[in-house]
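>>> Can you look at this prediction? I've put the sequence above it.
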Amino acid sequence: EVELVESGGGLVQTGGSLRLSCLASGLTFDDEVNIAWFRQTPGRDREAISHISGRDGSTWYADSVQGRFTISSDKAKNTAYLQMTNLKPEDTAVYYCNARWSKFDYWGQGTQVTVSS
């Protein structure tokens, strides 16, 4: 059974930083697995904010987080990260880790990030 567990969320002031982690079990972060981070606020669709290719490590960021967030993956630890800096109140959301392998999508349970103004 594949399980993704996010951690690192919390309450932070505007301008602060957090690092989210996504630990996988039952799935190896190898070249065939792509990792993404999504976030969701009440009443809105879940939106992709960043992803990283398992094959070549290339990354993508949504405009809203470009330059402030950094995605990374440590294959040896089977863990992905999202380093978030210069946080803004509009970054407040539940953040989800996603792993895609072949045609299968796996999701974590989410971690709450709240940015106070």
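Good, I have the coordinates.
>>> Closest to the centroid, which residue in this structure?
residue 37 (3.0 Å; CA atoms, centre = their mean).
>>> for that residue, helix, strand, or coil?
Following DSSP: H, G, I helix; E, B strand; the rest coil, we place residue 37 in the strand state.
>>> wait, doesn't it sit right on residue 93?
No. Contact criterion CB atoms under 8 Å: residue 37 and residue 93 do not qualify, at 10.6 Å. Where you see a C-beta, it was placed from the backbone N, CA and C, and this is true even at glycine.
>>> Can you spell out which residues form a bridge with residue 60?
residue 51 (DSSP bridges).
>>> How many residues are close by it?
Other residues near residue 60 number 13, with proximity taken as other CB atoms under 10 Å.
>>> where's it relative to residue 103, distance?
Between residue 60 and residue 103 the distance is 20 Å, computed by CB to CB, to the nearest Å.
>>> got the residue ranges for the strands in the chain?
Secondary structure of the chain (DSSP state E): strands located at 3-7, 10-13, 18-25, 33-40, 47-52, 59-61, 69-74, 79-84, 93-101, 104-107, 111-116.
>>> What are the contacting residues of the fifth one?
Think strand 47-52. 34-40, 58-62, 64-65, 69, 71-73, 80, 82 (CB atoms under 8 Å, 6 or more residues apart in numbering).
>>> Can you tell me which of the residues you listed are buried?
34-39, 61, 65, 69, 71, 73, 80, 82 (16 or more other CB atoms under 10 Å).
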